[in-house]
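K.L.:
Based on what follows, work out the 3D shape:
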Amino acid sequence: MENGSLKLFKWIEIGEIQSERDTNRKKPKKKTESVVKMEKYLSAIGIDVSCALNSLRHGTIPHKDCLLPLISKLLGYAIVAASTTVKLPQIMKILKHQSVRGLSMISFELEVVGYTIALAYCLHKGLPFSAYGELLFLLIQALILVAIIYYYSRPLRTTTWIRALIYCAVAPTILAGQIDPFLFEALYASQHAIFLSARIPQILKNFSNRSTGELSFLTSLMNSAGSMVRVFTSLQENAPKSVVMGSAIGVATNFTILSQILFYQKPRVTEKEKKTK
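P.N.:
The predicted model follows:
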C-alpha cells in the first residue's frame, strides 16, 4: 500500500510539473523595453509591426493580412531610400563624357513636370510619405539633370528658355496646392499622359538613332524596378486607381527603354582584337 501511494504521489507530482511547463510554454513572452521603443519609433513613421510581433510572441507565423501591409510599408520606404540615388548614374555619365548625345531634352523636361504634378497631388491628398516620398527626391535629381542638359546643349533656343521660365513661375503654386480643386484633378489626370509623352520621344529617338547614346543602364534599371514595386505598394496602400495606373505606365515605358539599352549596346572590343585590327 505504501509503495502504491508513493507511486501515486510521484505521478501527481510529475503531472503538476508537466502542466506548469505547458502553461509556461503557452504564455507569450513579455515585451522588452527595446521592443517597445522600436514599435513606437516605427509607428511614428507609419509602420505597424505590432501584429507581426504578437504572432511571433505566441509562437505562430503571422497571417498574410498582417504581413502584406508591413511588407508594403517596408518596400515603400526602400523605394524612397533608393530614389535618393536613382538618377545619379545618369548625371555622372553625362559629366564624365561631357556630352548629352542621344538624350531627348523634351523628355527630361516633361519628366520634371510630371514629378511636380504627382508630388503636389500626393501632398494635397495627405498620402503617407512611404507612398510618394521618392517623388520628392526624383524631382530634385530631375531638375539637376535638366540643368546639366541645358549646360551641355548651349546655345539654348528661345523656346527652351520660355519653357523653363513658365515652369519656374507655375510650379510653386501647384506644389502649394493653391489652385482650383477641379483643375488640380485635371492636372493629375493628365500627368499619366505627361509621363507617357516624356518617354515616347526618347524611345523614338533611340529607335531612329539605333543607339541609346548617353542613357544610363543603371538609372533605367532602377526606374523599372521602382515602378514594379510601386504598383504593389500602391495596391496595398489603397491608393487611387489613377496612382496605380501611373505606376503601371511607368513599368511599361521604363522597361521599353531598358530593353533598348540592352539591344542597342555595342559589344566591347578587347585589347587583343584592337591589336589584330
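K.L.:
Report the residue ranges of every domain in this structure.
P.N.:
Domain segmentation of the chain under automatic domain parsing yields 2-69, 79-264.
K.L.:
From the structure, what's the count of residues near Gln265?
P.N.:
Taking other Cβ atoms under 10 Å as the criterion, the count of residues near Gln265 is 12. C-beta coordinates here come from the backbone N, C-alpha and C atoms, glycine included.
K.L.:
what do you get for Ala198?
P.N.:
By other Cβ under 10 Å, neighbour count at Ala198 equals 23.
K.L.:
what helix or strand does it sit in?
P.N.:
helix 181-209 (DSSP states H and E).
K.L.:
Which strands or helices does whichever helix or strand comes after that helix pack on?
P.N.:
The C-terminal neighbour of helix 181-209 among helices and strands, as given by DSSP H and E, is helix 217-236. Judged by 3 or more Cβ pairs under 8 Å, 6 or more residues apart in numbering; DSSP states H and E, helix 217-236 is in contact with helix 64-83, helix 88-97, helix 129-152, helix 241-264.
K.L.:
any idea which of the domains of the chain scores lowest on pLDDT?
P.N.:
Lowest mean pLDDT within the domains of the chain: domain 2-69, at a mean of 56.
K.L.:
ok, back up a step: which parts of the helix holding Ala198 are buried?
P.N.:
For helix 181-209, burial by neighbour count (16 or more other Cβ atoms under 10 Å) applies to 184, 187-188, 191-192, 194-203, 205-206.
K.L.:
for the domains of the chain, which one ends up most surrounded?
P.N.:
Per-stretch averages of neighbours, counted by mean count of other Cβ atoms under 10 Å, single out domain 79-264 among the domains of the chain, with a mean of 17.
K.L.:
Go ahead and confirm Leu135 touches Gly114.
P.N.:
No: judged on Cβ atoms under 8 Å, Leu135 makes no contact with Gly114 at a distance of 9.4 Å.
K.L.:
Stretch 220-240: how far from the chain's middle?
P.N.:
In terms of Cα atoms, centre = their mean, to the nearest Å, the gap separating the centre of stretch 220-240 from the centre of its chain is 6 Å.
K.L.:
Could you do stretch 200-214 as well?
P.N.:
25 Å.
K.L.:
Name the residues that touch it?
P.N.:
90, 93-94, 97, 99-104, 106-107, 215, 253, 256-257, 260-261, 264-265 (Cβ atoms under 8 Å, 6 or more residues apart in numbering).
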